[in-house]
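A.B. asks: Next comes the sequence, and after it the predicted model I'd like to discuss.
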Amino acid sequence: GAVVSQHPSWVICKSGTSVKIECRSLDFQATTMFWYRQFPKQSLMLMATSNEGSKATYEQGVEKDKFLINHASLTLSTLTVTSAHPEDSSFYICSARTSGETQYFGPGTRLLVL
Amino acid sequence: GIQVEQSPPDLILQEGANSTLRCNFSDSVNNLQWFHQNPWGQLINLFYIPSGTKQNGRLSATTVATERYSLLYISSSQTTDSGVYFCAVRRSNDYKLSFGAGTTVTVRA
């Protein structure tokens, strides 16, 4: 089946630093990638959608200057949390959609900002 | 937006028991997926099932699109089935999946 990887799986950083998370589709080309955020005991919340070579579409309430998304190729998307603060601590999950309808998810990245 | 309701919110099972999880949605969809989020957070694709019935081992799913619901059946549950089960749907004119709140399943040995 289709595999999506994320790196890093864990990151701890100091307040004010920037953190980059990579999402790769390993065995398929992803025309569309998605970034989600999940708080403990809650469902997934879509942050933004990105298509290769174009600007990301952010959901209402998500700060585009805080969460920079780049979809540089059909197999790679990155999420950069700029000037991270403790309230940005969360579980971030990327997802990729094939040319079909099925969406596949990465293993997630746990971010802790001290 | 489309509403997705999952029931029950929590389910505790004895190993070997069978169970049924339900997903109701408020509009016509052309995409419905069931996922299992394991204790480490990984979402595992279980079924892509906008209509009809599918089976994969001890799991099966049925979607009745005309009545806007889907059921996920777990038979002979094992402790490894523990985790959160999410239903997610997408309408034909929408770009994103809408997730339900999930059903937390705990299987006890």
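C.D. replies: Ah, there it is. Predicted model, so just to flag it, every value in this text is computed and none were measured.
A.B. asks: Enumerate the residues of chain B near chain A.
C.D. replies: Within chain B, the positions lying close to chain A (Cβ under 8 Å from any Cβ of the partner chain) are B:30-31, B:33, B:35, B:40-43, B:45, B:48, B:50, B:86, B:88, B:90, B:95-97, B:99-102. Backbone N, C-alpha and C define where each C-beta goes, glycine included.
A.B. asks: could you redo the last one with a cut-off of 7 Å?
C.D. replies: Selection of chain B residues close to chain A by Cβ under 7 Å from any Cβ of the partner chain yields B:31, B:33, B:41-43, B:45, B:48, B:86, B:95-97, B:99-102.
A.B. asks: List only buried entries from the residues you listed.
C.D. replies: Neighbour-count burial (16 or more other Cβ atoms under 10 Å in any protein chain shown) applied to these gives B:31, B:33, B:41, B:42, B:43, B:86, B:96, B:97, B:99, B:100, B:101, B:102.
A.B. asks: Return the residues in contact with the residue of chain A found nearest chain B.
C.D. replies: With Cβ to the nearest Cβ as the measure, residue A:105 is the residue of chain A nearest to chain B, at 3.9 Å. Residue A:105 sits next to A:4, A:93, A:95, B:43 when contact means Cβ atoms under 7 Å, 6 or more residues apart in numbering or on different chains.
A.B. asks: what does residue B:45 give?
C.D. replies: With contact set as Cβ under 7 Å, 6+ apart, residue B:45 has these partners: A:102, A:104, B:33, B:35.
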